[in-house]
Each structure stands twice: as structure tokens, then as C-alpha cells.
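S.K.: can't give you the sequence, but here's the structure:
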């Protein structure tokens, strides 16, 4: 609706996604949906032929393309829009502040919609204390069930494999997620490559196991995902490349190795790949024996909470909000007295007063000392606070 409203008023629109898989998925869906309206939709990703890229750049500059869907390719210097009026950033937590600002800067104050299942600490704080409005979709689609999440120790691995085997026999598919592609000499972590070989040759030799990771060519990734979608692959061993843009309802099992190596938002995004069908889904978090107290807290929260917004609030408590007037997306603020969590009510009142003041006196002409202090501290970074 955001995109259509802008297009109906004569503006161009852009939708940015973090991976080519997700961008292509959006392009296919929106192109089909908007076809009856005769809206020109284009896909811009890094590995397009140079001739196609040139044609899209020309179409954007001349205003002939009304909606462009792409990855980071959208924020390259050579991309210019004739009249950009609305920007949608999907999986917002996967982009840096400057990347989001780069796309926003390609138009004259375009409307911006950012979407995520787990707001990063900075964004969550901006919804409370900055100029960022919030809409929450807090209901599961009809027929879906909440994912059951369990924290498993190494001693339970055989029992876990037996459970997975029974589910595979019943026709369910599974994701096995690893933090590394290949074995590392520096880190004592299981790698996806090593695991895929072991699972196929020994543990699940009677099922088809396949490996997927980010270094593969797009064509190979598409071939593997299509085979998984068609149920020709039973276990997909992967890195975090599956974190966004994968929608396979029959895959309702996930095992995450070395779960302590992942952040709350990343764990929740990974878990979001399952629970997309009518069957009960299970997510198992396997951790090493020696993990930090903060990692234990993250895993415990994951097992107790399915709501992405509540997880984001816990993430804010654990990591801090980062910088409103900077690019850090998490970390503790340099506040001498106030605390964003403990003093939420007081800070909300302060925000309300600040908005009223700016509405009455946008240039702060009646408050020269306040404007002088804001200019001294934040004038170079004011644009950053507008970035969700």
C-alpha cells in the first residue's frame, strides 16, 4: 500500500532487501501482483548482466521505472532516481545506518518504511524516544503454531538425532545451521562443510543431505533451494545464508549448532524459517560446554519468548541502544543520569514535551541556547536520527 500510494501520486518507489534470494522473491511476487495495473517493476542485483544494469539505471533516472526491487546494488553511486517518493527496507536489521541513509538520500525526503521481525536496539529505542512511528503485526497467520524451542546439551545429541530421524521418516524436512562454512584452526566450532559430509555419510545416510552457503553462485543456490522446496532434499545444512527470504512450509525442524555464537535477533530470524506450515515446528539450540553468562541469558530468552518485539526489548536491555545521532546500532549510551529502561516513563514525557515544543517553534527561535547546544553536539549527525 505504501508503494502503490506513492506510485499513484506520480512518484517512484524502491524496495531494498539484504539478499538476492529475498529480492528476487519480492520481485516475482510484486511483478505478478502489479501486472494488471501496468506498473513497471524492475529487479536490480549485483550479478545482472551489465547491459541489463545500464537499462535499469536509465529507466530509473528518466522515471520510467516505477518500482525497483534490489539489494545493496540500489545504493551504488551511479543509481539516480527521477522522482523517488517512497522507500521500503525489508529485514532492516541486516543493513547499517549509513546504508539505509544512502537509499533515503536518493530522493528529496521520501517516505520510509522499515520492516523487521526483530528490531535492532537502536531502532527499538527510536520508536520510543525518536521520531519513528511503530506498527506491530502480533498475530500468527491462520493455521500456524508457535515454534517450540529447546536448549540442548551435547549429551542429548543422540536422543535429538533419534527424534529428528522419526520426523524425517514422517516426511518433514529439516535445517541444520552452522556458524562457519569451513573448519577453523582458531575456533573450536563445527563447520557446515564438515557436518554435511558427516551427516550424509554416517548419521543420516538413508536421507539426502545437501549443503548451502553464501559463497555459492546464485544459480547453484537457486537449484539447491528448488530441490529442497520440491522435497528432493531432506536435510539442508547451511550457514546464516538462510536467515531471510526462505519460505518452505514443510520444513518444520531446525537444529542450530554453537547457538551461543549467534545474537538474539539472528537466532529469532533463523527460527523464523520454520513454523510456516500447519505442523508443530521445533527449534533445537545446541551449545558448547563453556559459554558466557550473557550467552546463557540469550539462549534462555529464546526458549521462553517467541515474540520478536519482546525479544528486541530483551536485546535492548542486554546490549544497549547504540547511538541516536551516530551509526552504532547497539551499545550503551553515554548518559550520566538517565537510563532508557528504568526511566522509560520520564523519558516518554520528555519526548512528548520535545515534540510539542518543535511543533510550536520548529527553528527554536525562542530557545537560542537550546539550539546552540544541539548545534554544538549534533549538527553533523542530525540526518542520522531520521534513519530507522
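M.R.: All right, it came through fine. Here the structure is a predicted model, which is why all the values come from computation and not from measurement. Numbers count the residues shown, from 1 in each chain.

S.K.: buried residues in the longest helix along the chain?
M.R.: For the chain, the helix with the greatest residue count under DSSP state H is helix 344-360. Applying a neighbour-count criterion of 16 or more other Cβ atoms under 10 Å, one finds residue 347 buried in helix 344-360. (Each C-beta comes from the backbone N, C-alpha and C, glycine too.)

S.K.: helix or strand right after it?
M.R.: Following helix 344-360 in sequence order, the next helix or strand is helix 368-378 (DSSP states H and E).

S.K.: Tell me how far that following helix lies from the chain's centre.
M.R.: Here the centre of helix 368-378 is set off from its chain's centre by 35 Å, with Cα atoms, centre = their mean, to the nearest Å.

S.K.: ditto for stretch 2-14
M.R.: With Cα atoms, centre = their mean, you get 24 Å for stretch 2-14.

S.K.: And stretch 349-360, by the same measure?
M.R.: 32 Å.

S.K.: ranges for the helices of the stretch 251-388 of the chain?
M.R.: If DSSP state H, counting those that start in this stretch is used as the criterion, the helices of the stretch 251-388 of the chain fall at 264-271, 293-304, 308-319, 344-360, 368-378.

S.K.: So what's the gap between the second one and the chain middle?
M.R.: Relative to the chain's own centre, helix 293-304 is displaced by 20 Å; criterion: Cα atoms, centre = their mean.

S.K.: Can you mark which positions in that helix are buried?
M.R.: 295, 298-299, 301-302.

S.K.: Kindly reformat these as TSV and extend each row with pLDDT and distance to residue 192.
M.R.: TSV is the format used below for the buried residues of helix 293-304 (pLDDT from 0 to 100; distance: Cβ to Cβ, whole Å):
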residue	pLDDT	distance to residue 192
295	89	20
298	89	21
299	94	20
301	91	25
302	93	21
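
S.K.: Which of those sits closest to residue 179?
M.R.: For those, the residue nearest residue 179 by Cβ to Cβ is residue 295; the value is 12.6 Å.

S.K.: so how far is stretch 102-118 off the chain centroid?
M.R.: Worked out by Cα atoms, centre = their mean, stretch 102-118 lies 15 Å from the chain centre.

S.K.: what residues does it touch?
M.R.: Residues from elsewhere that reach stretch 102-118 (Cβ atoms under 8 Å, 6 or more residues apart in numbering): 2, 6, 11-12, 14, 16, 74-75, 79-81, 83-93, 100, 123, 264-265, 268-269, 272, 308-309, 311-312, 315, 386-388.

S.K.: Just to check, residue 16 is in contact with residue 74?
M.R.: Yes - contact criterion Cβ atoms under 8 Å: residue 16 and residue 74 qualify, at 5.2 Å.

S.K.: Among these two, which residue is more densely surrounded?
M.R.: residue 16 (28 against 24; other Cβ atoms under 10 Å).

S.K.: The more buried one: what's it in contact with?
M.R.: 23, 69-72, 74-75, 87-90, 95, 103.

S.K.: again, but for residue 79
M.R.: Applying Cβ under 8 Å, 6+ apart, the residues near residue 79 are 44, 57, 60, 73, 106.

S.K.: helix/strand/coil for it?
M.R.: coil (DSSP: H, G, I helix; E, B strand; the rest coil).

S.K.: Let's see the pLDDT reported for the most centrally placed residue in the chain.
M.R.: Centroid-nearest residue in the chain, with Cα atoms, centre = their mean: residue 91, separated by 3.2 Å. On the pLDDT scale, residue 91 is placed at 80.

S.K.: I'd say it and residue 265 touch.
M.R.: No - the criterion here is Cβ under 8 Å, and residue 91 misses it with residue 265 at 10.1 Å.

S.K.: Spit out the contact partners of residue 67.
M.R.: Counting by Cβ under 8 Å, 6+ apart, the residues that residue 67 touches are 3, 7, 12-15, 30, 34, 39-42.

S.K.: re the thing from before, could the buried residues of helix 293-304 go into JSON lines alongside distance to residue 156?
M.R.: Below are the buried residues of helix 293-304 laid out as JSON lines (distance: Cβ to Cβ, whole Å):
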{"residue": "295", "distance to residue 156": "18"}
{"residue": "298", "distance to residue 156": "19"}
{"residue": "299", "distance to residue 156": "14"}
{"residue": "301", "distance to residue 156": "20"}
{"residue": "302", "distance to residue 156": "17"}
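
S.K.: Mark which of the contacts of residue 16 are part of helices, please.
M.R.: 23, 103.

S.K.: neighbour-wise, which of the contacts of residue 16 leads?
M.R.: residue 69 (28 neighbours).

S.K.: Run through the residues that contact that one.
M.R.: So residue 69 contacts 14-17, 23, 26-27, 30, 41-44 (Cβ under 8 Å, 6+ apart).

S.K.: Residue 243: what's it in contact with?
M.R.: Neighbours of residue 243 in contact, by Cβ under 8 Å, 6+ apart: 94, 266, 269-270, 273.

S.K.: Residue 299 now?
M.R.: 151, 259-260, 285, 287, 291.

S.K.: quick one: it from residue 260, how far?
M.R.: 7 Å (Cβ to Cβ, to the nearest Å).

S.K.: Kindly point out which residues are neighbours of both of the two.
M.R.: If you check residue 299 and residue 260 against Cβ under 8 Å, 6+ apart, the residues they both contact are 287, 291.

S.K.: For the protein, which element, helix or strand, carries the lowest mean pLDDT?
M.R.: Sorting the helices and strands of the chain by mean pLDDT, DSSP states H and E puts helix 121-129 at the bottom, at a mean of 50.

S.K.: How many residues are close by residue 278?
M.R.: 10.

S.K.: So it sits against residue 141, correct?
M.R.: No - Residue 278 lies out of contact with residue 141 (Cβ under 8 Å); the separation is 10.4 Å.
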